[in-house]
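**Student:** sequence? don't have it. structure:
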């Protein structure tokens, strides 16, 4: 009786749960690559994993920047309307407002 050999499944990295997890894993991946001593296949796999993590981090940063821009825009609009309701005060006490 012979055993059937199934193709070896590649280890699939689970998606990171947060930006911080992805960044930490990316840093570890870079350290492994920089330390050397890896096979070509292992290096290629780690490089691919690193590119995916870098893309994930980049997308998270872009999303955070967009959110901040939206908040600043909304807040700025509110402040602009508040400024329109209040009379301007002059810095020079001799000039009436």
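**Tutor:** Cool, the structure landed. Remember, predicted model here, so these are calculated numbers, not experimental data.
**Student:** On the three-state scheme, the spatially closest residue to residue 15 that is not a sequence neighbour is what?
**Tutor:** With Cβ to Cβ, 6 or more residues apart in numbering as the criterion, residue 15 has its nearest non-adjacent residue at 7.4 Å, and that residue is residue 56. Any C-beta I mention is one placed from the backbone N, CA and C, and that applies to glycine too. Assigned state for residue 56: helix (three-state reduction, DSSP: H, G, I helix; E, B strand; the rest coil).
**Student:** burial of residue 56, as a residue count?
**Tutor:** Residues near residue 56, counting by other Cβ atoms under 10 Å, number 19.
**Student:** That one touches residue 18, doesn't it?
**Tutor:** No. Under the criterion of Cβ atoms under 8 Å, residue 56 is not in contact with residue 18, lying 9.9 Å apart.
**Student:** just to revisit the earlier point, and the gap between the residue nearest to residue 15 and residue 23?
**Tutor:** Residue 56 is 9 Å from residue 23, where distance means Cβ to Cβ, to the nearest Å.
**Student:** repeat for residue 61
**Tutor:** According to Cβ to Cβ, residue 61 stands 10 Å off from residue 23.
**Student:** okay, these two: which has more neighbours?
**Tutor:** Higher neighbour count among residue 61 and residue 23: residue 23, with 16 against 11, using other Cβ under 10 Å.
**Student:** Would you check that my belief about the more buried one contacting residue 57 is correct?
**Tutor:** Yes. Judged on Cβ under 8 Å, residue 23 makes contact with residue 57 at a distance of 5.7 Å.
**Student:** Can you work out which residues contact both of these two?
**Tutor:** Counting by Cβ atoms under 8 Å, 6 or more residues apart in numbering, residue 23 and residue 57 have no common neighbour.
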